[in-house]
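In: Here is my input, please return the structure:
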Amino acid sequence: MELALYDGNGNEETMLGECMNSQVDEGSVESHRYYLCRRTVLEMLRDRGYAVPDSEINLTLKQFREIYSDSPDLDRLRILASLKSDPLNKIMVVFCGPDPVKVSVIRGIATQVVNQDGLRRMILIVESPITNQALKAVELFRFKVEFFHITDLLVNITKHVLKPKHRILTAKEKERLLKKYSIDEKQLPRMMEKDAFARYYGLEKGQVVKVTYNGEITESHVTYRCVW
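Out: I've put the predicted structure just below:
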């Protein structure tokens, strides 16, 4: 099929040679999903204070497929990053694949990371349900393990234009805030630990977030929320 362009008098003027379908991505949906998810994870780690190279975040889909293929090996997609403020404090991201996450999967991961020095946190990217036995096995890890479904990470929620700006207060900033208003943290508006932003930043109970709203109709205003 060719696309014709016409001038103001209805006369055919130009023909575009190639069918529009030639512009459609011919790679696998699988590799595209892993590309998007991995990019969001890298951005999330950077926003949490981990050292993440810009070159990794800025990979194009084409470059991603050249490196990891159109059917990526999930072990190669694993990410290990260190905190900028404490290089010995590390986090690992593991892609679990499309199969249900069973005890055997968790045990396999545990075996592979048992000798990993400095590992303080882990993120498991799942695509299928997690069995109750697997969840119990996760509790045996010596560090915190977070679960994200791959569909939750195809888009970076913090980049949405309608979302307010979030900034995590340091312990000292939190102390000054509570002292300024003569309140304790229980009197602050709450943010559940399961909130999408709390999960993105890996927040713990008791941490306080400064939320800045900027609207075209209403004036900018700030509120503080404590994670529960």
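In: ok, now which ones touch the spatially most central residue of the chain?
Out: In the chain, the C-alpha nearest the mean C-alpha coordinate belongs to Val41, at 3.7 Å (CA atoms, centre = their mean). Neighbour list for Val41: Ile79, Val93, Ile123, Ile125, Phe148, Leu153 [criterion: CB atoms under 8 Å, 6 or more residues apart in numbering]. The C-beta positions use only the backbone N, C-alpha and C, and glycine is treated the same way.
In: taking those one by one, which sit in strands?
Out: Ile79, Val93, Ile123, Ile125, Phe148 (DSSP state E).
In: who wins for most neighbours among the residues you listed?
Out: Highest neighbour count within these: Ile125, with 24 neighbours (other CB atoms under 10 Å).
In: Tell me how far that residue lies from Glu56.
Out: 16 Å (CB to CB, to the nearest Å).
In: and what of Val94?
Out: Taken as CB to CB, the span from Val94 to Glu56 is 17 Å.
In: Show me which of those two is the more surrounded one.
Out: Per other CB under 10 Å, whichever of Val94 and Glu56 has more neighbours is Val94, with 22 against 15.
In: wait, isn't Ala196 in contact with Ile157?
Out: Yes. In this structure Ala196 lies within contact range of Ile157 using CB atoms under 8 Å: 5.6 Å.
In: Now do the contacts for Ile130.
Out: Going by CB under 8 Å, 6+ apart, Ile130 touches Pro100, Val101, Phe147.
In: which residues does Arg107 contact?
Out: The contact partners of Arg107, by CB under 8 Å, 6+ apart, come to Ala137.
In: how does the protein divide into domains?
Out: 29-155, 158-227 (automatic domain parsing).
In: Leu45 touches Ala81, doesn't it?
Out: Yes. Applying CB under 8 Å, one finds Leu45 in contact with Ala81, separated by 5.1 Å.
In: shared neighbours, those two?
Out: With CB under 8 Å, 6+ apart as the test, Leu45 and Ala81 both reach Val52, Ile91, Val93.
In: can you list the residues you listed in TSV and add distance to Glu66?
Out: Formatted as TSV, the shared contacts of Leu45 and Ala81 follow (distance: CB to CB, whole Å):
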residue	distance to Glu66
Val52	20
Ile91	26
Val93	21
